[in-house]
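# Generate a structure from the sequence data that follows.
(one chain, ligands or ions: 2)
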Amino acid sequence: MDRIRIRGGRPLNGSIPIGGAKNATLPLMAAGLLSDGPLVLENAPDLADIATMRHLLAQHGLTVVHDKAARTLTLSGAATNLEAPYDLVRKMRASVLVMGPLVARFGEARVSLPGGCAIGTRPVDLHIKGLEQMGAVFDLEGGYMHAKAPQGLKGARIIFPQVSVGATENLLMAACLADGVTELVNAAREPEIGDLAMCLMRMGARIEGIGTDRLVVEGVKTLGAATHPIIPDRIEAGTYACAAAITGGSVFLEGARMVDLGAVVRVMREAGVDVAEEHGGLRVTRSNGLRGADVMTEPFPGFATDMQAQFMALMCVAEGASMITETIFENRFMHVPELTRMGARIKYHGQSAIVRGVPKLSGAPVMATDLRASVSLVLAGLAAQGETIVNRVYHLDRGYESIERKLGAVGAEIERV
Ligand SMILES: CC(=O)N[C@H]1[C@@H](OP(=O)(O)OP(=O)(O)OC[C@H]2O[C@@H](n3ccc(=O)[nH]c3=O)[C@H](O)[C@@H]2O)O[C@H](CO)[C@@H](O)[C@@H]1O
Ligand SMILES: C=C(OP(=O)(O)O)C(=O)O
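Ligands and ions are numbered 1, 2, ... in the order given. Next comes the predicted model:
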């Protein structure tokens, strides 16, 4: 059951529930290492990455209970093993988020270096440099980062030379238990960071500047129990917004919030898609033709790199040309050759792609190497004439819960085969 078959050409109409954000849940789970808990995370999605993080934390010694019916994750206990093994870290890069909490609370961590991945080299130097500034000493041995801070971490002024979501999260968590004040300058402002900060505050942390690029954290001795609702997944919402738009339908995205979508809504409107706030969610409707629109990926509130592939699929059937520039990751156009196999006209050079819209795509067997590239092929398949088979569905299961059920419920002809 690792392929999805789609027969395209049906406009989507109805309502799609948006789950808790994968990219908020993963750091929130890592925050469970900072206290004995219990930390109760509400609105938890059921995704492969969440299961991987659960395994990682369990092998550190935490008790992690995922009540899928109640959609809660409950984390409790203290870490007894300070090593994050290669086998789990290579499966999911966000595993590196255990490093800050482990060093801050236990004075030591041994975390496998994640290595590169399909979308770029993705080094973790900013995580390491920040922790070093806070007094940790690093050794690299056998592919592992071994960090030690036997006297605990100390507050520091850390100026990020480049915006990094993961490094901001790791250092924010570490700073909560450091001695003194930590200032994170040029911090990432993604909604998932605000969500993490809110949860840490509920656990007893002292943080100022939430939602800005300067976070100031006054370390405390211990953190405690908390219950925290996870924010809705803005990338899942944006993806289904593209599904409504590419099929010429009208879909209500239950739970989605305009404020989290940043530039994505502005660009979709420029492309001729109507996005409106309604009670409890967003309605996305496309009644007329799509127009080409240019985008450049940027840190939040700019256009999210995690929406680039989906927007490109949309632009494949727009009238006119669109220029799509990827500035965050150096290799995030792996969907281009696959979209081309479906009849798209795309040329790319370096970090920019020109998409010239065509009236129709045609279904084909396709495969992709990462999560968002895979879902862009599902979107193209929904609009294409004939049958599309998307292979390697395990990529989709990392970030989209019940994708075939959610799309099927609004009229798509889609099944797992
Ligand atoms: C689990 C999670 O939340 N993943 C998201 C997170 O990934 P992640 O946290 O890995 O992404 P970053 O924001 O750290 O990466 C941004 C850029 O900075 C570079 N960099 C990062 C750290 C570092 O130490 N050195 C360095 O050079 C990266 O290679 C990349 O080019 O933010 C990305 C950018 O919005 C999203 O695409 C991912 O979906
Ligand atoms: C790139 C992504 O995730 P990760 O950082 O976990 O690889 C993503 O969610 O699109």
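
# Could you list the low-confidence segments of this protein?
Along the chain, the model assigns pLDDT under 70 to residues 1.

# Could you pick out the residues of it near ligand 2 for me?
23, 93-94, 306, 371-372, 399 (Cβ under 6 Å from any ligand atom). Glycine gets a C-beta too; all of them are placed from N, C-alpha and C.

# and the two most separated of these?
Spanning the widest gap among those are Ala94 and Arg372, at 15.0 Å by Cβ to Cβ.

# of those two, who's got more company?
A direct count of neighbours by other Cβ atoms under 10 Å for Ala94 and Arg372 places Arg372 higher, at 26 against 23.

# which SS class is the more buried one?
Following DSSP: H, G, I helix; E, B strand; the rest coil, Arg372 is assigned to helix.

# picking up where we left off before, of the residues of the chain next to ligand 2, just the buried ones, ChimeraX syntax please.
Restricted to buried positions by 16 or more other Cβ atoms under 10 Å, the ChimeraX selection for the residues of the chain next to ligand 2 reads:
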select :23,93,94,306,371,372,399
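
# What about the residues of the chain next to ligand 2, which are in strands?
Judged by DSSP state E, the residues of the chain next to ligand 2 include no members of strands.

# Ligand 1 next: which of the residues of the chain next to ligand 2 are close?
With Cβ under 6 Å from any ligand atom as the criterion, the residues of the chain next to ligand 2 include 23, 93-94, 306 near ligand 1.

# Against Gly381, how distant is the residue of the stretch 101-250 of the chain found nearest ligand 1?
Proximity to ligand 1, evaluated over the stretch 101-250 of the chain using Cβ to the nearest ligand atom, is greatest for Gly166 at 2.8 Å. Distance of Gly166 to Gly381, given as Cβ to Cβ, to the nearest Å: 31 Å.

# So which of these two has more stuff around it?
Between Gly166 and Gly381, Gly381 has the larger neighbour count (other Cβ under 10 Å), namely 29 against 22.

# pretty sure the more buried one is in a strand, no?
No. Judged by three-state DSSP, Gly381 forms no part of a strand; its state is helix.

# How many neighbouring residues does the spatially closest residue to it that is not a sequence neighbour have?
Among residues not flanking Gly381 along the chain, Thr388 sits closest, at 3.2 Å (Cβ to Cβ, 6 or more residues apart in numbering). Neighbour count of Thr388, defined by other Cβ under 10 Å: 26.

# Give me the phi and psi angles of Thr388.
phi -120, psi 130 (degrees, to the nearest 10).

# If it is in a bridge, with which residues?
Beta bridges link Thr388 to Ile6 when assigned by DSSP bridges.

# residues in contact with it?
Counting by Cβ atoms under 8 Å, 6 or more residues apart in numbering, Thr388 touches 5-6, 8, 342, 363-366, 377-378, 380-381.

# just to revisit the earlier point, which of the residues of the chain next to ligand 2 fall in helices?
If you go by DSSP state H, these have 23, 371-372 in helices.

# Just give me the closest of the residues you listed to ligand 1.
Asn23 (3.4 Å).

# Give the closest residue to the closest one in space, chain neighbours not counted.
Nearest to Asn23 is Glu192, by Cβ to Cβ, 6+ apart, at 4.8 Å.

# Show the contacting residues for that neighbour.
Glu192 touches 21, 23-24, 27, 165, 169, 231, counting by Cβ under 8 Å, 6+ apart.

# out of these, which are buried?
Here, 16+ other Cβ under 10 Å leaves 21, 23-24, 27, 165, 169, 231 buried among those.

# Nearest to Gly249 among those residues?
Ala21 (24.1 Å).

# Next, that closest one: phi, psi?
According to degrees, to the nearest 10, Ala21 has phi -70, psi 130.

# Would you agree it is in contact with Ile231?
Yes. Under the criterion of Cβ atoms under 8 Å, Ala21 makes contact with Ile231 at 5.3 Å.

# shared neighbours of these two, anything?
Common contacts of Ala21 and Ile231, defined by Cβ under 8 Å, 6+ apart, comprise 191-192, 195.

# Among those, which are located in strands?
Per DSSP E, the subset of the shared contacts of Ala21 and Ile231 in strands is empty.

# just curious, which of the contacts of Glu192 is nearest to ligand 2?
Within those, the smallest distance to ligand 2 is 5.7 Å, found for Asn23 (Cβ to the nearest ligand atom).

# quick check, nearest of the shared contacts of Ala21 and Ile231 to ligand 2?
Nearest to ligand 2 out of the shared contacts of Ala21 and Ile231 is Glu192 (Cβ to the nearest ligand atom; 10.3 Å).

# That closest one and Ile231, how far apart?
For Glu192, the distance to Ile231 - Cβ to Cβ - is 7 Å.

# Residues in contact with both of the two, list them for me.
In contact with both Glu192 and Ile231: 21, 24, using Cβ under 8 Å, 6+ apart.

# Dump the shared contacts of Ala21 and Ile231 to TSV, plus distance to Met334.
Shown next, in TSV, are the shared contacts of Ala21 and Ile231 (distance: Cβ to Cβ, whole Å):
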residue	distance to Met334
Pro191	26
Glu192	24
Asp195	29
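
# Pick the one among these closest to Gly289.
Nearest member of the shared contacts of Ala21 and Ile231 to Gly289, counting by Cβ to Cβ, is Pro191, at 31.5 Å.

# so the closest one makes contact with Ile230?
No. With contact defined as Cβ under 8 Å, Pro191 does not count as touching Ile230 (10.9 Å).

# shared neighbours of those two, which are they?
Contacts common to Pro191 and Ile230, judged by Cβ under 8 Å, 6+ apart, are 21, 24.

# And the residue of the stretch 201-350 of the chain closest to ligand 2?
Per Cβ to the nearest ligand atom, Asp306 is where the stretch 201-350 of the chain lies closest to ligand 2, at 4.0 Å.
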